[in-house]
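Visitor: mind folding the following:
(2 chains)
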Amino acid sequence: MDSKRNAKDAARAAAPRFLLDRCQVVPALIGRQEDFLHISGLAGAVYDLTALTNQGDNFYGLGGAMGAACMMGLGLALARPDKRVLVTTGDGELLMSLGALTTIAVVNPPNLSILCVDNGHYGETGYQVSHTSHGVDLEQIAQGAGIKMTRTVATEADIPEGARILRQGNGTAFVLVSVKPTDAPRVKLNLDGAVCRLAFREALLNGS
Amino acid sequence: MSPKTDADQAPRWQDELYDELRRNNITQIAYVPDAGHSILIDRSLADPEVHSVGLTSEEEGVAMLAGADLGGARGVLLMQSSGTGNCINMLSLISGSRFPFLTLITMRGEYGEGNPWQYSMGQAVEPVLKAMGVICLRVERPEDVVPSIRAAVTMVFQSGRAVAVLLAQKLLGAKKF
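Guide: Numbers count the residues shown, from 1 in each chain, chains lettered A, B, ... in the order given. Okay, the predicted model is just below:
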């Protein structure tokens, strides 16, 4: 039992990490972005999704309130079981809200997926290392929280499976994508949350 | 079965409170375990029309209710005064984006409190919430519970405000130590 465990740990330690370019792999994993309602956390993730959706009305991105993204996704997914909800977050934000993973795992809404873009750093504040650079494995934490459908995307070969998991509907899905510590697309953000809220609700609730 | 007494037949204010929430189409109930909210929590868990979500920490509920609003659903966060402190930065999501927000807070650290640990946060609840833009409605008598909830629901879901209904220790009774 221990040797099996050790072999698994060794394989994880030797696995490639922090190699992919987020500017390419995030769009590749999400695919047709119009198929989702999007929530993104602050910092890198909000740039990734603002660029990908062209600040679309199916997207609500955070500029603060660090730690909110996953639970906003849960509330939205419960409110709209007819829609697929994708939360995009970073390693820093997720580390701040690990309890949310356990709460979400217990509820397990089938229309919710979480994509964590892990660059091992706090890019927004000057690229200080995060705990994931020291070996903290957020996919294993998600598994331990009880999320049954989890994957790590560390190489291009992993992308099709990661993309499939984000769109499957058997329960909440969690995909960790391991990327280089480089900037997300530098696009202009809409940081007026009240405007974004109204646009999102208008499009979803009144149909556009 | 023994004959019911008047006390058995009188509806508990907690039941009236729950019914009032449901009459107002509140369908997401986020909670942390709490003795003062136990009747509401149990009713929500037994209610097939409601998503009753237990949290690991109170700020999760603030974010969850913002997400519910994006999807057109109404929710309420049930917590204790001590949990208010865990929500402070997350309340910037509510005030910054003008999300409607309703929370019911069972108070500790006031009238008759026998645990000194409860005073720091209990006494800070109102100033902290006001600083974050949350309006506080304080309830001390059973007959004021339902009218206060009705007022809060109007303020939140019609006028788009953030409102905390504080269920005072005088209403709930101080825990014995």
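Visitor: residues from chain B in reach of chain A?
Guide: Proximity of chain B to chain A is assessed by Cβ under 8 Å from any Cβ of the partner chain, with B:27-28, B:51, B:53-57, B:59-73, B:75, B:89-90, B:92-93, B:96-99 identified as the residues in range. In this view, the C-beta of every residue, glycine as well, is placed from N, C-alpha and C.
Visitor: which non-adjacent residue is nearest A:Gly146?
Guide: The shortest distance from A:Gly146 to any non-neighbouring residue, by Cβ to Cβ, 6 or more residues apart in numbering or on different chains, is to A:Ala105 (3.5 Å).
Visitor: rewinding a little: quick one: which of the residues of chain B next to chain A sit in strands?
Guide: Residues of these located in strands (DSSP state E): B:27-28, B:51, B:53-54, B:75.
Visitor: which of the residues you listed sit farthest apart?
Guide: Set against one another by Cβ to Cβ, these have their most distant pair in B:Thr27 and B:Gly54, with a gap of 16.1 Å.
Visitor: and the helix or strand containing A:Arg151, what's its mean pLDDT?
Guide: Using DSSP states H and E, A:Arg151 falls within strand A:149-153. Confidence over strand A:149-153 (mean pLDDT, whole number) is 97.
Visitor: against chain A, how distant is B:Met79?
Guide: 14 Å (Cβ to the nearest Cβ, to the nearest Å).
Visitor: hang on, the earlier thing: the residue nearest to A:Gly146: how many residues sit nearby?
Guide: A:Ala105 has 18 neighbours, counted by other Cβ atoms under 10 Å in any protein chain shown.
Visitor: wait, doesn't it sit right on A:Ile141?
Guide: No: contact criterion Cβ atoms under 8 Å: A:Ala105 and A:Ile141 do not qualify, at 10.6 Å.
Visitor: can you list the residues that contact the helix or strand bottoming out on mean pLDDT in chain A?
Guide: Of all the helices and strands that make up chain A, helix A:2-14 has the lowest average by mean pLDDT, DSSP states H and E, namely a mean of 76. For helix A:2-14, the surrounding residues in contact (Cβ atoms under 8 Å, 6 or more residues apart in numbering or on different chains) are A:135, A:137, A:140.
Visitor: out of the residues you listed, which are buried?
Guide: For the contacts of helix A:2-14, a neighbour count by 16 or more other Cβ atoms under 10 Å in any protein chain shown gives the buried set as A:Asp137.
Visitor: show me the contacts of helix A:2-14 that map onto strands.
Guide: Reading strands off the contacts of helix A:2-14, I find no matches (DSSP E).
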